[in-house]
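**Student:** Sequence isn't available, so here's the structure alone:
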C-alpha cells in the first residue's frame, strides 16, 4: 500500500480497534515459528467480537486481509504481506471447561486447551499438549500428532461467513480428513471450537502428556526455529524417511537446513531468509521425486510476497 493510502486506512482501523491492537509495518519474523519473513502493512489483534467489523472494513475498502493464528505452520515471504494480517492472539484466547466439554477461542493455543482439559479431568486432548498451533489453525487443518487428531474430539466450531454471519458447524459438516477441512474452501473464519471429551483421572492424563512431550523432544529438532513437519505424510510412506534415503540429511541452502535429527523438518539453522527456506523445500521435493517417484506436498502454508526463488 502507498503511504497516503496506509495513513487513511490506519485512521479507519482506529475507528474499530484500539491503537495498541494495530501494528504498522510489522515484521512477520516476530510472529512465525520459522522466525523469518518480511513486514505486514498492518498487523491487528482484535477480540473475537471485533473480528467481523475488521473483516467488513477490509472488504469495503478492498484491502487484502489474511487471517492467522500462532504462525506455527506459516512461511511468510521476505517481501512481506500487503494489506492486513488479522491475528488471533491473546485478546481472543479464552478457554473454558464445562461438563465434558472444553470451549476455546480461536487464538488460544491448542496446548492451553489440552491443559484446561487436564485440570478438569477430561481425556482426549493429550495428543495436543505439545502442538504449538492455535485452536483456530488446528481446526482448519485438522492438526494431529501421535495417533490423535482434532476430528476425533471436535464437537463443533463457531465461525464467521464472508457475509458476516456467525454460524455453528458440527464435526460432520467440516469434511475433516488428514490435514484438511472445508473451512478455507468455504471462506469461513473460525472464532471458537468446542471439544467433546471423556472423564479420566488427572494423573493418567498428565502421564500421557508428559510421555508425548518427551518423545517429541527426543525425535524433533525443537531447539531450532521451524514450522514443525514441513511435508504432509505421503500415503504409504514417511516423508522423513524418503528425504533421508534421498541423501538430504543436513542439506542446506543458506541458513535453511534439513534437520539431521528428523529429516521431515526444514529448520532455520542460522538467520535463514524465507526465500532460502522455500528454495530448500523445493530442492527436497525435486530430489525425493527423482529418487523415489513420490511427490511431497507441503504442510507448511506460504503467505505474502517472495523474492525470486534461488
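**Tutor:** Yes, it's here. Remember, it's a predicted structure, so these values are computed and weren't measured experimentally.
**Student:** So for stretch 210-223, what gets flagged as buried?
**Tutor:** 212, 220, 221, 222 (16 or more other Cβ atoms under 10 Å). Bear in mind the C-beta positions are built from the backbone N, C-alpha and C, glycine included.
**Student:** Quick check, pLDDT for the third one.
**Tutor:** The one in question is residue 221. Reading off the confidence values, residue 221 has pLDDT 96.
**Student:** Run a quick check on it versus residue 258, I expect a contact.
**Tutor:** No. If you go by Cβ atoms under 8 Å, residue 221 and residue 258 don't touch, sitting 10.0 Å apart.
**Student:** Can you check which residues contact both of these two?
**Tutor:** 265, 267 (Cβ atoms under 8 Å, 6 or more residues apart in numbering).
**Student:** circling back: hmm, which two among the buried residues of stretch 210-223 are most spread apart?
**Tutor:** 212 and 221 (16.7 Å; Cβ to Cβ).
**Student:** returning to what we had before: just the ones in helices from the buried residues of stretch 210-223, please.
**Tutor:** If you go by DSSP state H, these have residue 212 in helices.
**Student:** and of the buried residues of stretch 210-223, the nearest to residue 128?
**Tutor:** Taking the buried residues of stretch 210-223 together and measuring to residue 128 by Cβ to Cβ, the closest member is residue 212, at 9.2 Å.
**Student:** ok, the closest one touching residue 131?
**Tutor:** No. Counting by Cβ under 8 Å, residue 212 does not reach residue 131; the two are 9.8 Å apart.
**Student:** where do the contact lists of those two overlap?
**Tutor:** Counting by Cβ under 8 Å, 6+ apart, the residues touching both residue 212 and residue 131 are residue 145.
**Student:** can you pull out the helices in the stretch 201-310 of the chain?
**Tutor:** For the stretch 201-310 of the chain, applying DSSP state H, counting those that start in this stretch gives helices covering 202-219, 239-245, 274-292.
**Student:** worst average pLDDT in those?
**Tutor:** For the helices of the stretch 201-310 of the chain, where the average pLDDT is lowest is helix 202-219, sitting at a mean of 94.
**Student:** Check what contacts that helix and list those residues.
**Tutor:** Defining contact as Cβ under 8 Å, 6+ apart, one finds that helix 202-219 is touched by 114, 117-119, 121-123, 126-127, 129-130, 145-146, 222, 261-262.
**Student:** which residue packs closest to residue 43, ignoring adjacent ones?
**Tutor:** Distances taken as Cβ to Cβ, 6 or more residues apart in numbering place residue 26 nearest to residue 43, at 3.8 Å, with adjacent residues excluded.
**Student:** Strands of the stretch 101-250 of the chain, residue ranges please.
**Tutor:** 101-105, 122-123, 144-145, 148-149, 154-160, 166-170, 189-196, 198-199 (DSSP state E, counting those that start in this stretch).
**Student:** Export these as a markdown table, with columns for mean neighbour count and mean pLDDT.
**Tutor:** Converted to a markdown table, the strands of the stretch 101-250 of the chain look like this (neighbours: other Cβ atoms under 10 Å; pLDDT from 0 to 100):
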| stretch | mean neighbour count | mean pLDDT |
| --- | --- | --- |
| strand 101-105 | 24 | 98 |
| strand 122-123 | 22 | 98 |
| strand 144-145 | 18 | 89 |
| strand 148-149 | 18 | 93 |
| strand 154-160 | 21 | 98 |
| strand 166-170 | 14 | 98 |
| strand 189-196 | 22 | 98 |
| strand 198-199 | 10 | 98 |
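**Student:** Residue 267: which of those strands is closest?
**Tutor:** Shortest distance between residue 267 and those, using Cβ to Cβ, is found for strand 144-145: 18.0 Å.
**Student:** got the contact list for the closest residue in space to residue 79 that isn't next to it in sequence?
**Tutor:** Distance criterion Cβ to Cβ, 6+ apart; nearest residue to residue 79, sequence neighbours excluded, is residue 305 at 3.7 Å. Contact analysis of residue 305 by Cβ under 8 Å, 6+ apart lists 38, 77, 78, 79, 80, 81, 82.
**Student:** and what of residue 29?
**Tutor:** Neighbouring residues of residue 29 by Cβ under 8 Å, 6+ apart: 35, 36, 37, 38, 76.
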